[in-house]
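Peer 1: just a sequence and a predicted model for now, questions to come.
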Amino acid sequence: LEPIFLVNITCPSSIVGSIYNVMSIRRGNVFDEGDSMAGGVSNMKAFLPVAESFGFSQSLAEATSGAAFSQLMFDHWQLLDGGDFKDPESRLGKIITAIRVRKALSAELPPLDRYLDKL
């Protein structure tokens, strides 16, 4: 299972395309563009995996020249399909390896006997 954020993005209607680009790079899914409010402002809603959210605000600011603002909050858990987690070449294996490297752990998964009681 993978935790998913609900992202609320407020931005000018003219830069909606840039937001789609940032979301697609980070495995995000825009599900509501919202109605344009007064002054040509859009309120978009999207789902974004928590693992892809690190540095999201900075990427969004760079892509929109600081014109978009986001708010992230936990929404749900999603089943992560993508192969066997033990295979480092599968999609799931790549995600797990990237998270382990980011946390300064060894990239390889430790063997199960490491966690068995040795008494």
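Peer 2: Perfect, thanks for sending it.
Peer 1: got phi/psi on residue 102?
Peer 2: Residue 102 has phi and psi values of phi -60, psi -30 when expressed as degrees, to the nearest 10.
Peer 1: ranges for the strands of the protein?
Peer 2: Along the chain, the stretches classed as strands by DSSP state E are 2-12, 29-32, 41-49, 69-78.
Peer 1: so the lowest-mean-pLDDT helix or strand in the chain versus strand 41-49, what angle?
Peer 2: Lowest mean confidence among the helices and strands of the chain (mean pLDDT, DSSP states H and E): helix 91-102, at a mean of 85. On the basis of axes from the mean of the first three to the mean of the last three CA atoms, to 10 degrees, helix 91-102 is oriented at 90 degrees to strand 41-49.
Peer 1: next, the angle strand 2-12 makes with helix 91-102.
Peer 2: Using the same axes, to 10 degrees: helix 91-102 against strand 2-12 is 80 degrees.
Peer 1: convert helix 91-102 to PDB, retaining C-alpha atoms only.
Peer 2: Taking Å, rounded to 0.1, in the frame of the first residue of the first chain, the C-alpha atoms of helix 91-102 are listed here in PDB:
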ATOM      1  CA  ARG A  91       8.600  -0.500 -10.900                       C
ATOM      2  CA  LEU A  92       7.900  -1.300  -7.300                       C
ATOM      3  CA  GLY A  93      11.500  -2.400  -6.700                       C
ATOM      4  CA  LYS A  94      12.700   0.900  -8.100                       C
ATOM      5  CA  ILE A  95      10.500   2.900  -5.800                       C
ATOM      6  CA  ILE A  96      11.600   0.900  -2.700                       C
ATOM      7  CA  THR A  97      15.200   1.300  -3.700                       C
ATOM      8  CA  ALA A  98      14.900   5.000  -4.200                       C
ATOM      9  CA  ILE A  99      13.300   5.400  -0.800                       C
ATOM     10  CA  ARG A 100      15.900   3.300   1.000                       C
ATOM     11  CA  VAL A 101      18.700   5.400  -0.700                       C
ATOM     12  CA  ARG A 102      17.000   8.600   0.300                       C
END
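Peer 1: ok, and what's touching that helix?
Peer 2: For helix 91-102, contacts defined as CB atoms under 8 Å, 6 or more residues apart in numbering pick out 51, 54, 80-88, 106-107, 109. C-betas here are computed from N, CA, C, even on glycine.
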